[in-house]
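Peer 1: Sequence and predicted structure, then a few things I'm wondering about:
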Amino acid sequence: MSYNFADPDHKAGNTASSSAISSQIPSTNILSKAYIMKIDSSSVAFITGGAAGIGLGIAQAFAKRGAKLMLADIDQSTLDAAAETLRADGADVATVVCDVADEAQMRAAAQATIDRFGKVHIVVNNAGVALGGMTGEIDLKDWRWIVDINLMGVAHGVEIFTPLIKSHGEGGHIINTASLAGHIAGPGMAPYHATKFAVVGYSEAMQQELAPADIGVSVLCPAWVKTNIHRSGFNKPTGGGNEEDPQFKEMSKVIDGGLDPADLGEWTATCVEDNRLYIFSHPEFAAGIDMRYAAVKADYDAVPFGK
């Protein structure tokens, strides 16, 4: 149906179309609070990117609550160091080397988790990388690299582990690490923003789909956290990266002054037990969220259809 811009009050056919569309838009807050994930000694958690940074911070918080842990990461020595730290505090920890971009490796990691612990309740799809650059200047090989890790890595974790959580009928929770960059975009990081916005949308849909199975969903959206993500771009397919670059040094200062991953891990565990969909970390950026959605609303209000 075409719209007559010369006669915006002529709504023949528009109302029906709008109603049909509206009827298919679900509530974004339908998750029942009847089921609350309690993290305790009966819980088994699988965590990607679990050897350091945010993943390790979450692992530490879960371990304090008694959860059994399977840590997945790409480097065995880093995994060994993380496991040793956790075991020193009494945690039951196993590790598996896994590249989240590789479906076969993720399936093997899932099997290793079941072989070691018998079941899994919590999946933390945390592994991720960063990629900067200006539009029109980014090699497509680098684009595929970040999409394979930041988005398909999450999809692998969700699609492979969801049936395993459903199989025991005890409920569970999935945490997908996005970023505040999945809500607010700026120049110079378009591939990163694209993948993180995708993870936010994916998580919002999952929340509605998995609620009937007593599987909660949270999307972790922090700003600056003290991790090594700014060094991940050194591993992109086209190479590059220079620690002496002034921009890199400035970014290092910002990230090194970021939130302690252990504090974010504690907050994440609390939000899981509160069944929160969005896990934010930096209230000082709330104005940016308000500005984004004010801009969305302003342009939505400008739509002539149906008026």
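Peer 2: All right, it came through fine. Small disclaimer: the values here were computed from a predicted structure and weren't measured.
Peer 1: What segments of this structure are strands?
Peer 2: 44-48, 68-73, 93-97, 122-125, 172-177, 215-221, 278-280 (DSSP state E).
Peer 1: What strands flank the third one, and is each parallel or antiparallel?
Peer 2: Spelled out, that is strand 93-97. Strands that pair with strand 93-97, judged by DSSP bridges, come out as strand 68-73 (parallel).
Peer 1: What residues sit buried inside the partner strand?
Peer 2: Lys68, Leu69, Met70, Leu71, Ala72, Asp73 (16 or more other C-beta atoms under 10 Å). For glycine as for every other residue, the C-beta is placed from the backbone atoms N, C-alpha and C.
Peer 1: Turn the residues you listed into a markdown table, including pLDDT and distance to Gly201.
Peer 2: As requested, these are exported to a markdown table (pLDDT from 0 to 100; distance: C-beta to C-beta, whole Å):
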| residue | pLDDT | distance to Gly201 |
| --- | --- | --- |
| Lys68 | 98 | 31 |
| Leu69 | 98 | 28 |
| Met70 | 99 | 27 |
| Leu71 | 98 | 27 |
| Ala72 | 98 | 24 |
| Asp73 | 98 | 26 |
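Peer 1: The stretch 201-307 of the chain: helices as residue ranges?
Peer 2: 246-256, 261-273, 286-301 (DSSP state H, counting those that start in this stretch).
Peer 1: Out of those, the one nearest Ala81 is which?
Peer 2: Between Ala81 and the helices of the stretch 201-307 of the chain, the shortest gap by C-beta to C-beta is with helix 261-273, which sits at 14.7 Å.
Peer 1: Can you point out the buried residues in that closest one?
Peer 2: Using 16+ other C-beta under 10 Å as the test for burial, helix 261-273 gives Pro261, Leu264, Gly265, Glu266, Trp267, Thr268, Ala269, Cys271, Val272, Glu273.
Peer 1: need the contact list for the second one.
Peer 2: For Leu264, the set of contacting residues under the criterion of C-beta atoms under 8 Å, 6 or more residues apart in numbering consists of Ile54, Gly57, Ile58, Leu220, Pro222, Val225, Ser281.
Peer 1: As a markdown table, the residues you listed with neighbour count would be great.
Peer 2: Shown next, in a markdown table, are the contacts of Leu264 (neighbours: other C-beta atoms under 10 Å):
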| residue | neighbour count |
| --- | --- |
| Ile54 | 28 |
| Gly57 | 26 |
| Ile58 | 30 |
| Leu220 | 27 |
| Pro222 | 23 |
| Val225 | 20 |
| Ser281 | 20 |
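Peer 1: Looking at these, which two lie furthest apart in space?
Peer 2: Ile58 and Ser281 (12.5 Å).
Peer 1: so where's the stretch 1-150 of the chain shaky on pLDDT?
Peer 2: 1-34 (pLDDT under 70).
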